[in-house]
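S.K.: The amino acid sequence is not available; the structure is as follows:
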């Protein structure tokens, strides 16, 4: 492979963290659409989750660092700061794929007791475009097929997950598997500027239907709900209706929260496309990354109402077998989705 210049030529190697140093020395693997792809030497693939807000799982897996889907609201941009990459655009233009991920997972799962709850895709999408070539997520699923007794949740916006139906079915035979398709809005024009490189919403719904036809537990995350943009009853109902028609097992939604790393990018989006909303956002998120308790309660009540209307199941449920029944099943209580860092971490 041709020698390439380091990403941080002006930094002394001793002045940055080991992880940032490894990222800086990573050779260029390939490029595409303003994006660079580089391998990242990894020493672990399972991250222990330490959350003060009651995360519903104990470990997380993210096969990639950075995400090409470039969602304007993405809370995971902070992860590139550990690589000393602080330009928000670098998160979506410098993508790292973790080497030896499957081997690492095999070793780590052997040391874990069955029953552990594991989330795949908590920070970056495990089925973003690079997965078509690198197939790291698929290699991880192949490892899971050799184990039993775990709870595995997958979050993605990508239609590519349908490629792995065979492995997902094999995993579900001996583990508790739940697939979460994120559909923020059914408005294709809005989705294109909000989530520039993610598949169209209708294609995600079609993928959901494909997963359900394959007998998999799958549902929709209509998150984040953005005040004045996607938090109306009509907008949420449209997504819930489509989810119901695709035979979703559950539907969940929660309000937008803005970490300091994502606030400038999202505010730039609002300034360009919803300028009348900018003062409202500046006031709402002036003191906290989270919306007010009053707004959270209002959104929660709205989502509950919509879920009752469409008889949608809840995301975290002990009634999985009941939820796997075909259309017409009885309604169950909904637990609204809350994003990373809130009372319930996205699984």
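M.R.: That came through, no problem. Owing to the predicted nature of the structure, the values given are computational and were not obtained by experimental measurement.
S.K.: Which residue ranges of the stretch 201-347 of the chain form strands?
M.R.: Secondary structure of the stretch 201-347 of the chain (DSSP state E, counting those that start in this stretch): strands at 218-221, 251-252.
S.K.: nearest to residue 100, of those?
M.R.: Residue 100 lies closest, by Cβ to Cβ, to one member of the strands of the stretch 201-347 of the chain: strand 218-221, at 29.4 Å. C-beta: built from backbone N, CA, C; applies to glycine.
S.K.: Packing partners of the helix or strand harbouring residue 137?
M.R.: Residue 137 belongs to helix 136-144 when assigned by DSSP states H and E. Contact here means 3 or more Cβ pairs under 8 Å, 6 or more residues apart in numbering; DSSP states H and E; on that basis helix 136-144 packs against helix 101-110, helix 165-174.
S.K.: so can I have TSV of those helices showing mean neighbour count?
M.R.: Below are the helices and strands packed on helix 136-144 laid out as TSV (neighbours: other Cβ atoms under 10 Å):
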stretch	mean neighbour count
helix 101-110	17
helix 165-174	17
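S.K.: What lies in contact with the helix holding residue 137?
M.R.: Helix 136-144 has contacts (Cβ atoms under 8 Å, 6 or more residues apart in numbering) with 45, 61, 63-64, 97-98, 101-102, 105-106, 109, 120, 126-127, 131, 150, 152, 163-164, 167-168, 171, 175.
S.K.: Any regions of the stretch 151-300 of the chain where pLDDT drops low?
M.R.: Judged by pLDDT under 70, the stretch 151-300 of the chain has no weakly predicted residues.
S.K.: Distance of residue 122 relative to residue 284?
M.R.: Going from residue 122 to residue 284 by Cβ to Cβ, to the nearest Å gives 25 Å.
S.K.: Oops, could you answer that again for residue 157 instead?
M.R.: On the measure of Cβ to Cβ, residue 157 and residue 284 end up 25 Å apart.
S.K.: more neighbours, those two?
M.R.: residue 157 (28 against 19; other Cβ atoms under 10 Å).
S.K.: who's in contact with the more buried one?
M.R.: Contacts of residue 157 by Cβ under 8 Å, 6+ apart are 69, 71, 125, 127, 181-183, 195, 198-199, 204.
S.K.: Residue 247: which of these is nearest?
M.R.: Minimum distance to residue 247 across those is 12.4 Å, recorded for residue 181 (Cβ to Cβ).
S.K.: so which strand or helix has the closest one?
M.R.: In this structure, residue 181 sits in strand 176-182 according to DSSP H and E.
S.K.: What angle do helix 136-144 and that strand make with each other?
M.R.: For strand 176-182 against helix 136-144, the angle by axes from the mean of the first three to the mean of the last three Cα atoms, to 10 degrees is 160 degrees.
S.K.: and strand 176-182, how far from the chain's centre?
M.R.: Here the centre of strand 176-182 is set off from its chain's centre by 11 Å, with Cα atoms, centre = their mean, to the nearest Å.
S.K.: quick one: strands adjacent to that strand?
M.R.: Each strand paired with strand 176-182, and its direction, by DSSP bridges: strand 151-156 (parallel), strand 218-221 (parallel).
S.K.: after it comes which helix or strand?
M.R.: The C-terminal neighbour of strand 176-182 among helices and strands, as given by DSSP H and E, is helix 188-194.
S.K.: what number of residues lie near the closest residue to residue 79 other than its chain neighbours?
M.R.: Using Cβ to Cβ, 6 or more residues apart in numbering and skipping the chain neighbours, the partner closest in space to residue 79 is residue 123 (5.6 Å). For residue 123, the neighbour count with other Cβ under 10 Å is 23.
S.K.: can you check residue 148 too?
M.R.: Neighbour count for residue 148, taken as other Cβ under 10 Å: 11.
S.K.: quick one, phi/psi of it?
M.R.: Torsion angles at residue 148 (phi, psi; degrees, to the nearest 10) stand at phi -140, psi 160.
S.K.: wouldn't it be in contact with residue 172 here?
M.R.: No. At 10.8 Å, residue 148 and residue 172 do not qualify as touching, with contact defined as Cβ atoms under 8 Å.
S.K.: can you give me the helices in this structure?
M.R.: Assigned by DSSP state H, the chain shows helices spanning 18-25, 90-93, 101-110, 131-134, 136-144, 165-174, 188-194, 201-213, 233-245, 263-273, 278-284, 293-310, 320-323.
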